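Novice: structure, please.
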Amino acid sequence: MSTADGMAGESGTGQPDAYDQPDAYDHPDGHDHRDRHDHRDRHDGHDHPDGHDGPNGHDRTDEAREVRLFWEGLGLPGLVDVHTHFMPERVLKKVWEYFDALGPLTGGVEWPITYRAEERERVGLLREFGVRAFTAMLYPHKPGMAEWLNQWAVEFAGRTPDCLHTATLFPEPGVAAYVQKAVDEGARVFKAHVQVGAYDPADELLDPAWGLLAEAGMPVVIHCGSGPSPGKHTGPDPIGRVLARHPRLRLVFAHMGMPEYEDFLGLAERFGEVRLDTTMAFTDFSEQFAPFPRRALPRLADLGDRILLGTDFPNIPYPYVHQLRVLEGLGLGDEWLRAVCHDNGARLFGI
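Specialist: This next block holds a predicted model:
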């Protein structure tokens, strides 16, 4: 989940500092120049050219068929997934190592990665699922990282046209300038991670950047809930202060604000540009430690035009289709499902 959905650096919590590994980013311009080509000819035991065997032994054909049957049954042209993770390959592998080691921000929960595969295969799998548009949720854990992550994201979006060009930010001098640069270069969505970054979203250094993003009408997927492990600045109050100053900011609360679901629903009810994504919410996995309160289902139904499909692919401990089935199981109807799984995201991003 997005609290742990990419623990890759040190944010005062003792996690391994993957971004600082010399084999990942020891280059003067900040790029991993090997990453763009290595994934084409490396195999980890899951990349089968016949397309039948998927990550971790899954039958890709059967799984893709099941996902497609879901959205075809709703009369949709596909899915729009606003919360998927792509980042430099060596960084992502460090993230997976963190999950394997049950790092502190996982909440100590066993977290097997279902889609542990090379970039090419992961992109291909989303396409086989019929995901029309997806994101590259990446984020820094310290100053000086966001701008070069944004540079990598430009390259990834350039070679992956169905990825919504994603950018990120961190409270540091110069943040407004590189946020404006990312907007000018065509970013379509930003990612912020309050838990992993261990920063206050209301930090005055971020205020000009929030203002720019609000003025641009830029969606910002932000992990600011306290699940699966709380941080100093997680929860509804810090981000509520940001919204009080920038009420038109298009924040998308990741994971439905897990576990403070009702508080974050309240912020969406108060601020008309706020949305929430479904990432890992309602799943059997998350219901074990952060169950969604069934009394809040009517509020979820009422906000049906501002709930967006998110999954956390590839860093999920269950098949992709499970997220879709649990949304169906909420019993909010096909119209709600069509809006959440496709139409809301398509409208927001002009797809």
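Novice: out of the helices and strands in the protein, which is least certain?
Specialist: Least confident helix or strand of the chain, by mean pLDDT, DSSP states H and E, is helix 22-25 with a mean of 32.
Novice: residues near the closest residue to residue 303 other than its chain neighbours, how many?
Specialist: Among residues not flanking residue 303 along the chain, residue 268 sits closest, at 5.7 Å (Cβ to Cβ, 6 or more residues apart in numbering). Backbone N, C-alpha and C define where each C-beta goes, glycine included. Neighbour count for residue 268, taken as other Cβ atoms under 10 Å: 23.
Novice: so who does residue 268 touch?
Specialist: 253, 274-276, 303, 306 (Cβ atoms under 8 Å, 6 or more residues apart in numbering).
Novice: same question for residue 139.
Specialist: With contact taken as Cβ under 8 Å, 6+ apart, residue 139 is in contact with 6, 146, 149, 168, 170, 191-193, 196-197.
Novice: gap between it and residue 335?
Specialist: With distances taken as Cβ to Cβ, to the nearest Å, residue 139 is found 33 Å from residue 335.
Novice: and the helices in the stretch 151-300 of the chain?
Specialist: Taking DSSP state H, counting those that start in this stretch as the criterion, the stretch 151-300 of the chain carries its helices at 175-184, 194-197, 207-216, 236-245, 261-270, 284-287, 297-302.
Novice: of the contacts of residue 139, which belong to strands?
Specialist: By the criterion of DSSP state E, membership of these in strands covers 168, 191-193.
Novice: export these to JSON lines and tack on neighbour count and distance to residue 296?
Specialist: Output for those, formatted as JSON lines (neighbours: other Cβ atoms under 10 Å; distance: Cβ to Cβ, whole Å):
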{"residue": "168", "neighbour count": "27", "distance to residue 296": "30"}
{"residue": "191", "neighbour count": "28", "distance to residue 296": "25"}
{"residue": "192", "neighbour count": "30", "distance to residue 296": "24"}
{"residue": "193", "neighbour count": "27", "distance to residue 296": "24"}
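Novice: and which of those residues is nearest to residue 343?
Specialist: Nearest to residue 343 among those is residue 191, at 22.4 Å by Cβ to Cβ.
Novice: and the pLDDT at the closest one?
Specialist: At residue 191, the predicted lDDT confidence score is 98.
Novice: pretty sure it is touching residue 168, no?
Specialist: Yes - using Cβ atoms under 8 Å, residue 191 is in contact with residue 168, at 4.9 Å.
Novice: who touches both of the two?
Specialist: Residues within reach of residue 191 and of residue 168 at once, by Cβ under 8 Å, 6+ apart, are 138-139.
Novice: the residue nearest the centre of the chain and residue 311, how far apart?
Specialist: For the chain, residue 83 is the residue whose C-alpha lies nearest the centre (Cα atoms, centre = their mean; 3.2 Å). Going from residue 83 to residue 311 by Cβ to Cβ gives 6 Å.
Novice: same question for residue 284.
Specialist: For residue 284, the distance to residue 311 - Cβ to Cβ - is 14 Å.
Novice: between these two, who's got more neighbours?
Specialist: When neighbours are counted by other Cβ under 10 Å, residue 284 and residue 311 differ, and residue 311 comes out ahead with 27 against 11.
Novice: need the nearest residue in space to that one, chain neighbours excluded.
Specialist: residue 323 (5.0 Å).
Novice: report the contact partners of that neighbour.
Specialist: 278-280, 282-283, 309, 311, 316.
Novice: before we move on, what about residue 233?
Specialist: Residue 233 neighbours (Cβ under 8 Å, 6+ apart): 194, 198-201, 224.
Novice: what segments of the stretch 1-150 of the chain are helices?
Specialist: Counting by DSSP H, counting those that start in this stretch, the helices of the stretch 1-150 of the chain are 22-25, 35-38, 60-73, 89-100, 119-129, 146-159.
Novice: just the mean pLDDT for the fifth one, thanks.
Specialist: Translated: helix 119-129. Mean predicted lDDT for helix 119-129 stands at 97.
Novice: chain center to that helix: distance?
Specialist: How far helix 119-129 lies from its chain's middle: 16 Å, per Cα atoms, centre = their mean, to the nearest Å.
Novice: got the buried residues for that helix?
Specialist: 119, 121-126, 128-129 (16 or more other Cβ atoms under 10 Å).
Novice: show me what contacts the nearest residue to residue 236 once chain neighbours are set aside?
Specialist: In this structure, residue 236 finds its nearest non-sequential neighbour in residue 263, 4.0 Å apart by Cβ to Cβ, 6+ apart. Residue 263 makes contact with 235-236, 257, according to Cβ under 8 Å, 6+ apart.
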